[in-house]
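>>> Make a model of this:
(5 chains, ligands or ions: 4)
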Amino acid sequence: ELTGDLTIFLDTSNPAPRATMEAMIARFGEKHPDLAIETTVIDREAYKTQIRNFLTANAPDVATWYAANRMRPYVEAGLFEDVSDLYAEPEIAEALGSTKGALTIDDKQWGVAYTYYQWGVYYRKDIFAELGLSEPTTWEEEKANCTKIVASGRACYTIGTKYLWTAGGWFDYMNMRTNGFDFHMDLAAGNVSWEDDRVKQTFMNWKELIDMGGFIADHQTYSWQEALPFMVKGEAAAYLMGNFAVAPLREAGLTDDQLDFYQFPTINPDVALSEDAPTDTFHIPANAKNKEAAREFLRFATSAEEQTIINNGKNLGQLPVNAASSVDDDKFLQQGFKMLSTNSTGGVAQFWDRDAPAEMAKVSMEGFQEFMVKPGELDKILAKLERARGRIYK
Amino acid sequence: MTVSSDIPEAESWFHRNQQRIAPWLFLAPGILFFAVYVIAPVFQSFNLSLYEWDGLGEKTYVGMRNYEDLYWEYVDRDAFFTSLKNNVMWLFLYLLAIPAGLFIALFLNQTVRGIRLYKSLFFFPFVISQVVVGLVFTWFYDPSFGLLNTMLGWVGMGPINVLGNEHLVTYGIVAAGLWPQTAYCMILYLTGLNAVDPEQIEAGRLDGAKGWSMLWNIILPQLRPATFIAFVVTIIGALRSFDLISIMTQGGPFGSSRVLAYYMFEVALSEYGFRMGYGAAIAVVLFLIMLCFIAYFLWSMYREEKGH
Amino acid sequence: MFPKPIEKQSQAAQVAYKSMLPVALLFWLAPLLAVALFSVKPDADFTSGNYWGLPSSFEGPANYGQVFFNSDMPRYLLNSFMITVPTVIGAVALSAMTGFALGIYKFRANLWIFFMFVAGNFVPFQILMVPVRDLTLELGLYNTKTGLVLFHVAFQTGFCTLFMRNFIRALPFELIEAARVEGVSEWRIFWYVVLPLMKPALAALSVLIFTFIWNDYFWAVVLTQGIESQPVTAGITSFNAQFRAAYHLMSAGSIVAALPPVAMFFLMQKHFIAGLTLGAVK
Amino acid sequence: MTGVTLQGAIKKYGETQVIHGIDLEIEDGEFCVFVGPSGCGKSTLLRMIAGLEETTDGQINIGARDVTHMDPAKRGVAMVFQTYALYPHMTVAENMGFGLRMNGYPKTEIEEKVQRASSILKLDPYLKRKPKALSGGQRQRVAIGRAIVRGPEVFLFDEPLSNLDAELRVDMRVEIARLHQEIGATMIYVTHDQVEAMTMADKIVVLRDGRIEQVGAPLELYRNPSNRFVAGFIGSPAMNFLECDVVDGKLVHPAFSAPQDCPIALPSGLTKVTVGARPEHIELDHNSNQLNIDLTEALGGVSYCYLAGPDGSRLIVEERGDARSSEGTTVGLSVPTERLYLFDPDTGLRLR
Amino acid sequence: MTGVTLQGAIKKYGETQVIHGIDLEIEDGEFCVFVGPSGCGKSTLLRMIAGLEETTDGQINIGARDVTHMDPAKRGVAMVFQTYALYPHMTVAENMGFGLRMNGYPKTEIEEKVQRASSILKLDPYLKRKPKALSGGQRQRVAIGRAIVRGPEVFLFDEPLSNLDAELRVDMRVEIARLHQEIGATMIYVTHDQVEAMTMADKIVVLRDGRIEQVGAPLELYRNPSNRFVAGFIGSPAMNFLECDVVDGKLVHPAFSAPQDCPIALPSGLTKVTVGARPEHIELDHNSNQLNIDLTEALGGVSYCYLAGPDGSRLIVEERGDARSSEGTTVGLSVPTERLYLFDPDTGLRLR
Ligand SMILES: Nc1ncnc2c1ncn2[C@@H]1O[C@H](COP(=O)(O)OP(=O)(O)OP(=O)(O)O)[C@@H](O)[C@H]1O
Ligand SMILES: Nc1ncnc2c1ncn2[C@@H]1O[C@H](COP(=O)(O)OP(=O)(O)OP(=O)(O)O)[C@@H](O)[C@H]1O
Ligand SMILES: [Mg+2]
Ligand SMILES: [Mg+2]
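Ligands and ions are numbered 1, 2, ... in the order given. All right, here's what the predicted structure looks like:
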């Protein structure tokens, strides 16, 4: 029986995920009535800056975070607990095998994933129907679609780049589709010049969409949530976004008849398709006080049963990490699951700001934003990014 | 009638030196707090700016490298250049609060019914948090539904995305900042106007000064103390500007609205930052700029003290 | 009085002036009025594009109820009070003492210590950010109200000392001398003679510091996180993140966050303005 | 001619009337002093002439011009304020030249006029200084200089010396008198200082509650006050007043050892009369004992005895020369009959 | 005995010495007034006695005790300040009792003492008021009451009346004199008012630049000044001084129609001497014409003539009675020989 206090810090600040997590914690609490659980939900954007402080100062027992490069500084600073022992437990080793790699550094595991989700294009089926369009699979179709949408007085895509990372998602797809997964990862690792022609090609493709008026105007002043209404009101036909966008879109009144999903189309037929599928994780800070309870919580959260519940369409609306859990029969989750497991042969990326070092991510995403507003400045922007690369990767 | 003074007593050492010791006892807690939280950190920042440190691991001594990087950012017209340029713009534009405050103060310096309430309401923006001011102005500028664009629409002008345009964004934020700052200057001038010597105004009337010439030759010189204070607080407000930028644009679009104060926060403590030494170096630069004004202020205070 | 009193001017000028006042005020406060208007609108008005028209229904109670009963705002407000009030007390107490020492006693370091406080007050506080954050972390006070209060007290002491010292300087020095002749000890002079005379300054300063601290955002972001210790200025951003694009709720939240200093201003207007003009510096 | 004439001048602040129809004629070149108790309207009247207060009713002429509703700057008057009202940010020369500058005079002319005024007032060494760097007397001189420079027809002074210390006051008093002789302009001067009024005025106007009590030359007022108020107001220490009974045409009072003769024939039927006697006209009679010497104050050349009568009346008597009465002794009074002033006890009007 | 004795008292502020070795003895129960021009060190000296300024050198005794380096509170002195220095937040009674309370006296005793002082000063009706609700004179009385309550041996007053208006000043002056008679304590009083000094003092100390010029009873100083400074300082208007040549033992000056006799035998070899004559002792000789009457100031009972001599010397002469000389006429002087004061032109010392 677990006793004592268990403090949990969550960054799931949007209403739906927040409720899901709180419900899960409540269920955990029921199983351990003597455990006093305290949950703190922190604004997702603020969480990203505050994690350093609380990991060193007043560490919780469990904290959410992200996999891969994004957790590296904390692992290296010794702020995350090594949880390889969990992975040594037979059930877990088996069940969490698919995400183990993303959580491994130096052959040790530093946390567990609790969800991941596909990215892709969410679109207004009714508008497509109205204009007589179908889901595009190639860049040519995509552009043809877009031309028609623009002609109807709409934007093809809504986007809000105020917080930059949404532009990062677009870059991921443009670059992965143009140059392939491995090139993309090389670029994130600082091994390729930003002034390389292949990079330029990525942007030239992107520019085609921008030039035809494919994106809503003034996106640099909106957050991703503030960009949702454009789609809801039908002023934009689609949104390249993670699956978490489905919940608010539904909440805003779009039915499943109006909303649908397709995989980002092929641009360069020579490269294999690869996808963004960011993994959200739980970690035990090295300074946690009740690590026993924390481990138990990690086991609980990744159990097949809980994974099924929290990831279903009414809750997180994302994909479970436990191999034994079932994917909800929500149509988006089914499509996403299928896409990731069968049609992503090139590889699965975490996300630009998780794959590239933080500073480079910041500078480059600013560049993407600038590019989306002023595509004519591309050379200048790339030169700037190249200078930053020289400074950052030492 | 006698007083207790005939009792010979051995006065304690403390009692005898009371007047010499007392000030230090009174000062001790204040100085302690101030030294620990303000004075020492200034020097620590100077020191830190010579190191590279991500806030987690070991500090590495890098000498002037951080400043060199700043220099190159300046030469390359990068973030530091933008921040510095914007700070200069803030400095100058923010000073508009002074004439604007004076103008409103003159407008309100009457004794009609209810004027006190008007004065209070005009002062309102100053007491509101900059966070709220920032939000309010963000909506005010909103390209799709903001009041600004709605009003521009009335006069047939196209919508402008103030906060999304790298050339307009700083003006837009400064305008938001000017709102409370003007209110502040207004109240300073209102009290200043109260203290204007009525006999001098009358002397001026007899001398034939009117309207502008009265304002320029007789009123303004008497408002010098108010102007001085308004100048100091406005400069300092301009250099410290952080809240508005953080709330309204986060330094965007693409970093064009950064100022030093925000940039250093971004570099040192934001999501993609944690270059503490670099941040400290920016802070040092900001401090050196501010030092000019601090020195000016202290110097004029020193003259005042000695003048008495 | 300058400009020339309006009542001494023509009837037309008087009428023009009096009708200009409310119009000017309306313009001046337009952004704020807009928010107030937003805060009583129903959600539907925003989706239907009715941003600036009259509310289609009056949803004030619902919106504010949402803020008060269905969000963390009350907690943030409470935090703000628990940060602001001790800071005001602490800073005013410390600076009453330093102000007394610097205003009454003549000793060689007097002016230099005074200048130290003044200069410190004008330091761009960003330069303190990293060291103060580290110090707070080391003291184990990161993300506590205490940590924030301690820093605020220390930093505000600079300004408060300037204010108090100048006020005490203006007191008639004979009062202190009279007390010394009467055999009153220094501490008692401070307590029984000077402190009661400083009441107006204490009131003015308290009100001023209250609004400064209440409105602080920077340090709230640097030294705290999360609901258990963040004040409302920082809280409002989380609140807004939670209700992103729900303009009616964000407006109501902003109004609630702005209300205490505004109420303070209206209640203590006299002191507030006295404070600004006595100390006259932020 | 550039005298000043007031006809039925009235001033109201809202409902309260503070100046009640003043008729007054001040001759060209005259030095006219307004005196009266605090709040009687001296300043208000002066400021009405200057144009700094609107005149509610009546008419004010300067020379032949009706200036009642004219702009202050247009009236050809200059005013010297009690607090000097120098512009602190201008040098002495700039202060003096400011009025001319505002009226668009050419630079050289301004300089010349300032130069002339400053040499009259001996301000040459200070022309480049700011007022802060001047003593009180020098500041007042600058204020006067500022008035002179504009060459006004009428000078107005509102208690110009009351911020100066006693010694300087004497100097400046003499200086202003000399200035008046030199430039010969009409001057109107408000003061509450007896000595200033008596020594400087060609004509004193005694005001009380917004009305004129008496107008006349200083010694005329001193010697021939037309009512009790003026009699008590002019002269220092003030005139002593005794409420006497009239018995058989003689004046009876406990302070008198015997009924006093009356200087004039009293109207019949009058049984009570107020008798005034100046401290310097009363002689002490050491052989009598109606009055007690409470206190004596010896100032050197002169000393004052404070006397208390049996009925509680108090009197002040001046003693000169080397003989001094001592405190605690009792004395009687004697006053030459022709030095007594009689007043109606009800109206306060002088009986003659 | 509780007089005050100063021996070689010296005060330096840094390098500047402002009190140059004062030796002074003030008797028990005496009323001693310090006078002198502004900045001469009156206040400084008083504050040294009070202990508010440190004494750089020398010794100060109160009674038999050496208090030179004692705490102000321990000296048994009480001080009354020019600005009253009342605690504005305490009532009159609290103000008076504050010193006792701080020194731990029991409540009843405090009340009793306050009661006694307030009945002496007739402050009973005001005991519950705050100083703000009192007139200037009442405030000054409270300040004195606060001093009385502590029953000090020595009272110190620093220009206690100079913030009051002329009329009140006279009243309070009388009151303080009465108080001195009543409680009989030693009092030291600083003023720059001639009249106060002359009327209140048992002993006047004339200071100049931190040194004592003369000590003596008021009329003694008036009649018998020991140097030119004191002669010029005591008496108002001030004594007239003429630089005379000594010819054949007689005094020669252009203002005199003929050489004047000398009241004393002059030391031989002296060719120049400063002659002083008080305005009230000079008679005008209308048959002579050495002097020009520049200006006359008639104050009613008395008037002053400002005379200018051919050599630029200026004189003031007092005229009494009804006869007045008129401005612009020329006159001569006559002074009774025994009214002339002679001073050494170099040292200023009186020649007798
Ligand atoms: N603005 C005003 N509103 C109402 N009453 C006023 C105003 N100004 C002056 N008074 C009143 O007018 C009367 C005359 O005032 P004034 O200043 O002329 O007196 P004064 O003779 O100059 O007195 P003092 O010798 O004290 O200067 C006073 O009773 C005063 O209260
Ligand atoms: N703190 C000080 N430092 C230097 N000099 C001082 C100080 N205080 C006073 N003095 C000088 O000491 C001298 C005597 O000053 P004090 O105040 O005793 O004069 P006073 O006779 O009282 O003059 P007043 O009549 O103007 O009050 C003056 O010349 C003054 O300038
Ligand atoms: Mg007046
Ligand atoms: Mg003095």
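>>> Helices along chain D, start to end?
Under the criterion DSSP state H, helices of chain D are mapped to D:42-50, D:92-102, D:107-120, D:136-149, D:166-183, D:194-200, D:218-223, D:228-233.
>>> With the stretch 101-250 of chain A instead?
Counting by DSSP state H, counting those that start in this stretch, the stretch 101-250 of chain A has helices at residues A:125-131, A:139-151, A:165-179, A:181-188, A:197-211, A:228-232, A:246-251.
>>> between the helices of chain D, which one is nearest to chain B?
Between chain B and those, the tightest spacing by CB to the nearest CB is seen for helix D:92-102, at 3.5 Å. Just so you know, the C-beta spots here come from the backbone N, C-alpha and C atoms, and that holds for glycine as well.
>>> Show me what that closest one is packed up against.
helix D:107-120, helix D:136-149 (3 or more CB pairs under 8 Å, 6 or more residues apart in numbering or on different chains; DSSP states H and E).
>>> between that helix and helix D:107-120, how many degrees?
Taking axes from the mean of the first three to the mean of the last three CA atoms, to 10 degrees, one finds helix D:92-102 and helix D:107-120 inclined to each other by 140 degrees.
>>> Now helix D:92-102 - C-alpha only, PDB.
Provided in PDB are the C-alpha atoms of helix D:92-102 (Å, rounded to 0.1, in the frame of the first residue of the first chain):
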ATOM      1  CA  VAL D  92      17.300  89.900 -13.600                       C
ATOM      2  CA  ALA D  93      17.700  91.600 -17.000                       C
ATOM      3  CA  GLU D  94      15.300  89.100 -18.600                       C
ATOM      4  CA  ASN D  95      12.800  89.600 -15.900                       C
ATOM      5  CA  MET D  96      12.800  93.300 -16.400                       C
ATOM      6  CA  GLY D  97      12.700  93.000 -20.200                       C
ATOM      7  CA  PHE D  98      10.100  90.300 -20.400                       C
ATOM      8  CA  GLY D  99       7.100  92.600 -20.600                       C
ATOM      9  CA  LEU D 100       8.600  94.500 -23.500                       C
ATOM     10  CA  ARG D 101       9.600  91.300 -25.200                       C
ATOM     11  CA  MET D 102       6.100  90.100 -25.100                       C
END
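>>> what's it in contact with?
Helix D:92-102 is contacted by residues B:204, B:206-209, B:213, B:217, D:73, D:78, D:86-87, D:90, D:109-111, D:113-114, D:117-118, D:123, D:126-131, D:134, D:142, D:145-146, D:149-150 when judged by CB atoms under 8 Å, 6 or more residues apart in numbering or on different chains.
>>> hmm, try it at 7 Å
B:207-209, B:213, D:86-87, D:90, D:110, D:113-114, D:117, D:123, D:126-129, D:131, D:142, D:145-146, D:149-150 (CB atoms under 7 Å, 6 or more residues apart in numbering or on different chains).
>>> With stretch D:248-264 instead?
Contacts for stretch D:248-264 (CB under 7 Å, 6+ apart): D:242, D:244-245, D:247, D:266, D:273, D:275, D:288, D:290-291, D:309-311, D:313, D:315, D:332-333, D:337-338, D:340, D:342, D:351-352.
>>> distance between the ends of that stretch?
13 Å (CA to CA, to the nearest Å).
>>> Would you mind listing the buried residues in that stretch?
Buried residues in stretch D:248-264, counting neighbours by 16 or more other CB atoms under 10 Å in any protein chain shown, are found at D:251, D:253, D:255-256, D:259-260, D:262-263.
>>> Go through these and flag which are in strands.
residue D:251 (DSSP state E).
>>> State the pair within the buried residues of stretch D:248-264 that is farthest apart.
The distance between the two most remote of the buried residues of stretch D:248-264 (CB to CB) is 17.3 Å, for D:255 and D:263.
>>> The helix or strand where residue B:178 lies: which residues count as buried?
Here residue B:178, judged by DSSP states H and E, is contained in helix B:169-194. Of the residues in helix B:169-194, B:169-170, B:172-193 count as buried by neighbour count, 16+ other CB under 10 Å.
>>> And for the helix or strand just after it, what's in contact with it?
Using DSSP H and E, the helix or strand that follows helix B:169-194 towards the C-terminus is helix B:198-206. By CB under 7 Å, 6+ apart, the list of residues contacting helix B:198-206 from outside reads B:214, B:218, B:222, C:1-2, D:50, D:52, D:72-73, D:78-79, D:81, D:83, D:85, D:87.
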